[in-house]
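Student: Prediction below, plus the sequence it came from.
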Amino acid sequence: MNKYDVVIIGGACAGLTAGIYAGRRELKTLILTKDIGGQIALTTEVENYPGTGTIMGPQLAQNFKKQAEKAGAEIKFDEVQSIEKKKDEFIIKTKNSEFQALTIVLAYGLEQRKLDVPGESRLIGKGVAYCATCDGPLFKNKTIAVVGGGNSAFDSADYLADLAEKVYVLVRTDQYRAEEPLINSVQAKKNVQIMNFTEIKEFIGENKLEKVQIINNQTKEESELELDGVFVEIGWKTKTDMIKNLVDLSERGYVITDNQSKTSCSGIFAAGDITDTPFKQAVISAGEGAKAALSAAKYIQQKKGKKIAAVPDLSRKNKENEKKRKK
C-alpha cells in the first residue's frame with residue numbers, strides 16, 4: 001500500500017496550496033483530484049487574486065499546480081470513494097488504487113448547481129458564469145441576467161446592478177428566499193427587472209453567449225432574451241457521503257472546523273469551500289489550505305515524533321517584544 005504523511009483530497013486553490021506547504025515541510029504528500037483548479041479553472045479573467053494583477057483562471061490554476069509539484073507534492077488524478085480510519089491512520093480508497101495516510105486534508109470544494117439545459121456547459125466561461133465576485137467586472141455596462149431567488153442570487157444582482165447596464169433576475173416562482181433588506185435593495189435598483197415564474201430553456205451562442213430562450217412556467221409562453229452574460233446562482237452541492245461518519249457537518253453539509261483547520265476527527269483537517277467559512281473566494285481557500293497543511297504538520301510532529309521544520313510561534317515572539325518595549 002502507498003503510504004503518505006499527508007493525503008490532500010482536492011486540486012484547486014485550497015488543495016494545491018496545502019500541497020505547497022506540506023511539501024515544504026518535507027512531508028510525503030499526495031494530492032488526489034479529478035481535475036486541476038476547480039471553479040477557478042472555469043473563470044476567464046481573475047482580477048482579485050493578490051499579486052497577479054489580471055490573470056486567466058486556468059493559468060492561475062496551473063501556476064498553483066507547478067508550485068505544488070516543485071515543493072515535492074505528488075499529484076494523482078483519481079476520485080476518492082471512501083475513507084476509513086484505522087487506529088491513528090487512514091485508508092483512502094479511490095476508483096483505481098488504495099492509499100494510507102497519517103493525516104488527511106479535505107479540500108475538494110463544492111459543486112456548483114447547474115441548470116442542466118442545452119448550451120450551458122458549452123458556454124461556461126463564454127458568458128455563462130457562477131461567481132459574480134469573480135466575473136462581474138467583465139460585464140461592466142453589459143446586459144446580464146441572474147438566475148435564482150435566494151440570498152446568493154439577490155446579493156449578486158445587487159452587486160452587478162452597480163456594474164451592468166441592465167440586470168434581469170430570473171426566478172422560478174414569485175416567492176423569494178432572500179432576506180427582506182436584500183430584496184428591497186434589489187427592487188429599488190432602476191436598472192434591475194425581476195421576472196417571476198421564469199426559467200431558462202436554452203443558452204444560445206456560438207463562441208459566446210448571445211441570448212437565452214426562456215419560458216414562463218405558468219403561461220407556458222416562450223421568448224428569447226438577448227444577453228451578454230448569465231450568472232447562475234442556485235446554490236451549491238456538497239459531497240459528504242464519504243466523510244459524514246468521520247467529521248461533524250453543519251446543517252447545510254459544510255465541514256465544521258476550528259481556527260486551526262481541525263475537524264472533529266483527529267488527524268483530519270479541512271480547507272476551502274467545503275468548510276463552513278462564510279466567504280467562498282480563491283484567496284481565502286488558498287490561505288486556509290496553507291493553515292490546514294501547517295496544522296497537519298504540527299499534528300504529525302506531536303503524535304508521530306516526525307522531525308519537521310518548526311512553525312514559528314509568532315504570539316510568543318510578540319509577547320517577548322512587548323516586554324522589551326515596556327522595559
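Tutor: Now that the structure is in, tell me what you want to look at. Residues are numbered from 1 along each chain as shown.

Student: which helix of this structure spans the most residues?
Tutor: Ranked by residue count, the top helix of the chain under DSSP state H comes out as helix 282-304.

Student: what separates it from the chain centre, distance-wise?
Tutor: In this view, helix 282-304 has its centroid 17 Å away from the chain centroid, taken as Cα atoms, centre = their mean, to the nearest Å.

Student: Show me what it is packed against.
Tutor: Counting by 3 or more Cβ pairs under 8 Å, 6 or more residues apart in numbering; DSSP states H and E, the packing neighbours recorded for helix 282-304 are strand 2-9, helix 13-24, strand 98-106, strand 268-270. Heads up, the C-betas are built off the backbone N, CA and C, glycines and all.

Student: residue boundaries of the helices in the stretch 1-150 of the chain?
Tutor: Residue ranges of the helices in the stretch 1-150 of the chain, as given by DSSP state H, counting those that start in this stretch, are 13-24, 57-71, 132-135.

Student: Quick one: closest of those helices to residue 112.
Tutor: Between residue 112 and the helices of the stretch 1-150 of the chain, the shortest gap by Cβ to Cβ is with helix 132-135, which sits at 11.7 Å.

Student: Return the set of buried residues in the closest one.
Tutor: Residues of helix 132-135 classed as buried: 132, 134, 135 (neighbour count, 16 or more other Cβ atoms under 10 Å).

Student: ditto for stretch 136-152
Tutor: Residues of stretch 136-152 classed as buried: 136, 138-139, 142-152 (neighbour count, 16+ other Cβ under 10 Å).

Student: With adjacent residues omitted, what lies nearest to the residue nearest the centre of the chain?
Tutor: The centre of the chain sits closest to residue 273, judged by Cα atoms, centre = their mean, with a distance of 4.2 Å. For residue 273, ignoring the flanking residues on the chain, the nearest one in space by Cβ to Cβ, 6 or more residues apart in numbering is residue 109 at 4.2 Å.

Student: so for stretch 170-178, what's the average pLDDT?
Tutor: Stretch 170-178 shows a mean pLDDT of 95.

Student: Fine by me, we can end here.
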